[in-house]
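Enquirer: Pasted the sequence and its predicted model underneath.
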Amino acid sequence: LLLLLLLMGTSLAGAFPREPSRKSCGLSKYRFLLPSELRPIQAMKEQFEKIMLLSGRKCNTRVFHRKWSPAELSVPDRVLLVEAELDLVMEALRRPVARGLMEQHWRPLSFLAQAREDLRGCVSVSPAAPLGPTHQPSGKLRHWLHRLETAKSRVSVARAAPLCARQAGAAMTVLLSPLQEPDGCLEDSAIQHLFKVLSDLKCAALREECA
């Protein structure tokens, strides 16, 4: 009889599979960043500032400029915010002006790439993802995400077809928006705001404790 009950229990368990467990975002390690993690990022930032100073470029890109704090967003919105910001940062750093940094400063870039992957695990479209596929960003964040996505698409286009951009010449200058400044400016904006993005990452990791 006992054997029969065990067999029936196994059969019923197979007939009604458990709901998949929800993944962990794994952001707790970003609550308090170590000096050993921040120093390489600061060194990369300083080197790029020297490159820009020698190039003589003047930039006024305000892609990362905003008047509100991530603490004003819901916890899920904060995760979406910093994931989009890091995505744009990594895309900008692939452009020619910043590409030289990737070989010399692989440690901070590896750290940023890992943070982006951890955030992507939180915003996955899988039903088992912590945010789930049904979360809709607030109106405030939706506008910001559109701004970042527009900047990212322009980075991709500029990287893929620099010759076309040059051939357009002065005629294109009239059509350029603040998100379409000369080569090096988006990279400059991304690197200048690295610590702001890291602050947003910390806020996302702190969840309700970020205020």
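Expert: Ah, there it is.
Enquirer: Val75: what's it in contact with?
Expert: By C-beta atoms under 8 Å, 6 or more residues apart in numbering, the contact set of Val75 is 204, 207-208. Using the backbone N, CA and C atoms, a C-beta is placed for each residue, glycine as well.
Enquirer: meant to ask about Glu209, not that
Expert: Applying C-beta under 8 Å, 6+ apart, no residues qualify as near Glu209.
Enquirer: And it, what's its pLDDT?
Expert: As summarised for this prediction, Glu209 has a pLDDT of 93.
Enquirer: that older thread, show the buried residues in the contacts of Val75.
Expert: Ala204 (16 or more other C-beta atoms under 10 Å).
Enquirer: Redo the contacts of Val75 as JSON lines? Include secondary structure and distance to Thr150.
Expert: Shown next, in JSON lines, are the contacts of Val75 (DSSP: H, G, I helix; E, B strand; the rest coil; distance: C-beta to C-beta, whole Å):
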{"residue": "Ala204", "secondary structure": "helix", "distance to Thr150": "22"}
{"residue": "Arg207", "secondary structure": "helix", "distance to Thr150": "29"}
{"residue": "Glu208", "secondary structure": "helix", "distance to Thr150": "31"}
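Enquirer: and Ile191, what element?
Expert: Following DSSP states H and E, one finds Ile191 within helix 185-192.
Enquirer: which helices and strands sit right next to that helix?
Expert: helix 35-55, helix 75-92, helix 96-104, helix 139-160 (3 or more C-beta pairs under 8 Å, 6 or more residues apart in numbering; DSSP states H and E).
Enquirer: Nearest to Asp200, out of those?
Expert: helix 75-92 (4.4 Å; C-beta to C-beta).
Enquirer: Compute the inter-axis angle for that closest one and helix 139-160.
Expert: Helix 75-92 and helix 139-160 meet at an angle of 10 degrees, taking axes from the mean of the first three to the mean of the last three C-alpha atoms, to 10 degrees as the criterion.
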